[in-house]
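*Asks:* Return a 3D structure for these sequence lines:
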Amino acid sequence: MKLWEVVGPAVFMRLVLYSLNIISQSFAGHLGDRELAAFSIASTVVSGFNLGFLLGMASALETLCGQAYGAKQYAMLGVYMQRSWLVLLAFAALLSPTYIFSGQLLRALGQPANLAREAGAVSACLLPLHFMYAILLPLNKFLQCQRKNAVTAVTTAVAFPVHAAVTWLLVSYLGLGVVGAAIALNFSWALVVALQLAYAVGGGCPETWGGFSSLAFVDIWGFVKLSSASGVMLCLESWYYRVLIFVTGYMKNAALAVDALSICLSLNGLEMMIPLGFLAGTGVRVANELGAGNGRGARFATMVSTTTSFPISIFFCLAALGLHGRLALIFSSSKAVIDTVDDMSVLLALTILLNGVQPVLSGVAVGSGWQALVAYVNIGSYYLIGVPLGALLGWTFHLGVHGIWAGMIGGTTVQTLILAYMTMRCDWDQEALKASNRMGLM
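*Replies:* Okay, here's the model as predicted:
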């Protein structure tokens, strides 16, 4: 039950937030194939590229806040969140040119001129969302680590109907097209940020929020190092399948291939919100137990997460095989796009199956503070095995996007096996001792 206290609301929150993007993408898809491709590149590649890094950096809070909460050092949670805001906002500012100049960057990287120009316009409109990530992500971790999960669930639930209405107003009624879809996304995320921030600093967390403090600037370089390791670890995972969308833009019939693949990855991403909830729940539970000096409890939390998450992914894997391309009707009415999505259903199902284990093991790594080590694992398995294998199958063996995706599934499989080995060989009592040292208790 302790696991589901975190996992349930975390899954709900992620599903709703991801659904905001799905709604905007669906409106863009019904404007036309090029509009869908432009919005997909802007939201999945450009915004997703930056979100992956910021999300990874924010995951350092799962280690620090989770272990501090387990060690009953409640006042440090607010300090850690402020430190994370400083670091993430600074990095967000450094990364903002990727939005502003995305059209030129996409064109320089060989994307078709019309597609690059339209994707660049949408990306520029998503710049406010970029800075909202830097505020909301630490807020989420801060609330999750002290099991204020109902707050994150309720605030995102409020935003869902608002987003649907605002998207319809801007895209369909006012005719603002894909730019309107992007503006609606900014508005809805801003609403979630405002609601959660009002709760966190307005009296909802009296034990863990003591107001803004100069302690946020203490040892900020050490926090940058841990956040950077977390950022590299998780962004390498987040970027991995986004690379697939990008390289697909170089293939023949690029717009069709990007449309079909982006639909498949959107469906995978929607299902992925459940395993990501387990990632959050596992990270918090493992960090809490290690912070409290309970290595056996951390091991038990890992086992419960894995044996619960995997059967759920089996169900959705079978659903993807059974429904085939019919799911594509949510995004597009183009027969060519629907048929191409249908051809990719087996690869989608295999990817969903791996989702049942890999995110849980990543959660164990985050809760235990293994981010730097896992970053090396991700580089090797994803970019030294998965991407080259995908390129070999896609171009040398002429399997196209199917070959690229199959190769990348191979990389994910290698990474999952390595993380499983690390978890099984872990000395949990030693990890609890390391957590105690990190909290300054020894």
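
*Asks:* Next one: residue 311 from residue 356, what distance?
*Replies:* 8 Å (Cβ to Cβ, to the nearest Å). Where you see a C-beta, it was placed from the backbone N, CA and C, and this is true even at glycine.

*Asks:* Kindly report the same for residue 82.
*Replies:* In terms of Cβ to Cβ, residue 82 sits 36 Å off from residue 356.

*Asks:* With neighbour numbers in mind, choose between residue 311 and residue 356.
*Replies:* Ranked by neighbour count (other Cβ atoms under 10 Å), residue 311 and residue 356 place residue 356 first, with 24 against 9.

*Asks:* So what does the more buried one look like in phi/psi?
*Replies:* Main-chain torsions, residue 356, degrees, to the nearest 10: phi -70, psi -20.

*Asks:* With residue 307 instead?
*Replies:* Torsion angles, degrees, to the nearest 10, at residue 307: phi -70, psi -20.

*Asks:* before we move on, what about the one 5 residues further on?
*Replies:* The phi and psi values for residue 312, taken as degrees, to the nearest 10, are phi -60, psi -40.

*Asks:* from memory it sits against residue 356, does it?
*Replies:* Yes: in terms of Cβ atoms under 8 Å, residue 312 counts as a neighbour of residue 356; the distance is 6.6 Å.

*Asks:* Quickly list what's touching both of those two.
*Replies:* Common contact partners of residue 312 and residue 356 (Cβ atoms under 8 Å, 6 or more residues apart in numbering): residue 275.

*Asks:* low pLDDT regions in this protein?
*Replies:* 1-2, 242, 325, 438-442 (pLDDT under 70).

*Asks:* Which of the residues in stretch 237-256 are classified as buried?
*Replies:* Neighbour-count burial for stretch 237-256 flags 237-249, 251, 254-256 (criterion: 16 or more other Cβ atoms under 10 Å).

*Asks:* Stretch 195-213: how far from the chain's middle?
*Replies:* Its chain's C-alpha centre and that of stretch 195-213 lie 25 Å apart, by Cα atoms, centre = their mean, to the nearest Å.

*Asks:* For it, which outside residues touch it?
*Replies:* By Cβ under 8 Å, 6+ apart, the list of residues contacting stretch 195-213 from outside reads 69, 74-75, 77-79, 81-82, 135-136, 139-140, 142-143, 146, 148, 151-152, 155, 158-159.

*Asks:* can you do 7 Å?
*Replies:* Residues outside stretch 195-213 that contact it (Cβ atoms under 7 Å, 6 or more residues apart in numbering) are 74-75, 77-79, 82, 136, 139, 142-143, 146, 148, 151-152, 155, 158.

*Asks:* which of the residues you listed sit farthest apart?
*Replies:* Within the contacts of stretch 195-213, 75 and 158 form the most distant pair, 29.5 Å apart (Cβ to Cβ).

*Asks:* just checking, what packs against the helix or strand hosting residue 309?
*Replies:* According to DSSP states H and E, residue 309 maps onto helix 295-323. Applying 3 or more Cβ pairs under 7 Å, 6 or more residues apart in numbering; DSSP states H and E, we find helix 295-323 packed against helix 2-29, helix 254-291, helix 345-355, helix 358-368, helix 428-438.

*Asks:* Just after that helix, pick out the following helix or strand.
*Replies:* helix 335-343.

*Asks:* Output that next one as PDB, nothing but the C-alphas.
*Replies:* Presented in PDB, the C-alpha positions along helix 335-343 are these (Å, rounded to 0.1, in the frame of the first residue of the first chain):
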ATOM      1  CA  LYS A 335      -5.500   6.100 -44.600                       C
ATOM      2  CA  ALA A 336      -1.800   6.100 -45.400                       C
ATOM      3  CA  VAL A 337      -0.900   7.100 -41.900                       C
ATOM      4  CA  ILE A 338      -3.300   4.600 -40.300                       C
ATOM      5  CA  ASP A 339      -1.900   1.700 -42.400                       C
ATOM      6  CA  THR A 340       1.700   2.600 -41.500                       C
ATOM      7  CA  VAL A 341       0.800   2.700 -37.800                       C
ATOM      8  CA  ASP A 342      -0.800  -0.700 -38.200                       C
ATOM      9  CA  ASP A 343       2.500  -2.100 -39.700                       C
END
